[in-house]
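Visitor: Have a look at this fold, sequence not included:
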């Protein structure tokens with residue numbers, strides 16, 4: 001039987017050097033952007049890419065600086081009204097409504113205007129399912145600045161603006 005490499009002194013030195021080089025490359029790869037990182041990255045990046053240890057943190061988005069929501073106020077023929085927010089669940093349940101979060105991100109800005117009439121009609125259909133007779137749907141954008149973590153409030157004051165008012169009729 002041949003002796004194992006890790007049992008020989010040269011083998012142990014080679015393994016130790018490999019571990020030190022790997023840890024150093026990982027540290028360089030996770031350093032904040034700087035001139036030092038740029039110069040060391042020329043050596044570390046090819047090693048990290050070749051070994052599959054490269055971690056690109058750019059996949060994470062910047063922290064949100066704005067909390068924004070869309071509510072729909074449905075006015076009924078009897079003079080009553082109801083507000084239908086887009087449902088926001090927390091924790092593990094959030095994944096069940098993720099498509100609604102993405103939809104809200106699409107309709108909230110002004111360039112989502114093409115989606116507003118269909119969403120207003122959807123809200124009218126929800127009101128009809130609740131036994132109401134909707135005549136008008138008003139889409140309302142609400143937003144607040146998200147403040148940095150720490151002591152004090154989580155958000156600044158809330159603002160709101162009417163996005164659009166849509167007349168709706170009887171169910172089709």
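Guide: Here it is on my side, so go on. All figures in this text were calculated on a predicted structure; none of them were measured in a lab. Numbers count the residues shown, from 1 in each chain.
Visitor: Enumerate residues external to the helix or strand hosting residue 36 that contact any of its residues.
Guide: Assessed by DSSP states H and E, residue 36 sits inside helix 35-51. Residues from elsewhere that reach helix 35-51 (Cβ atoms under 8 Å, 6 or more residues apart in numbering): 21, 22, 24, 25, 26, 28, 29, 31, 53, 54, 55. The C-beta positions use only the backbone N, C-alpha and C, and glycine is treated the same way.
Visitor: Would you mind measuring from residue 115 to residue 75?
Guide: 21 Å (Cβ to Cβ, to the nearest Å).
Visitor: How about residue 136?
Guide: Residue 136 is 4 Å from residue 75, by Cβ to Cβ.
Visitor: Over to residue 133?
Guide: Residue 133 is 10 Å from residue 75, by Cβ to Cβ.
Visitor: In terms of neighbours, single out the busier of these two.
Guide: Remark: of residue 133 and residue 75, residue 75 carries more neighbours, 19 against 15, as counted by other Cβ atoms under 10 Å.
Visitor: Could you look up the SS state of the more buried one?
Guide: strand (DSSP: H, G, I helix; E, B strand; the rest coil).
Visitor: can I see the domain layout of the protein?
Guide: Using automatic domain parsing, the domain ranges for the chain come out as 5-59, 66-167.
Visitor: Excluding chain neighbours, what is closest to residue 25?
Guide: residue 44 (4.2 Å; Cβ to Cβ, 6 or more residues apart in numbering).
Visitor: nearest residue to residue 68 other than its sequence neighbours?
Guide: residue 143 (4.1 Å).
Visitor: next SSE after the helix or strand containing that neighbour?
Guide: Taking DSSP H and E as the criterion, residue 143 maps to strand 134-145. Where DSSP H and E defines the elements, the next helix or strand beyond strand 134-145 is strand 159-167.
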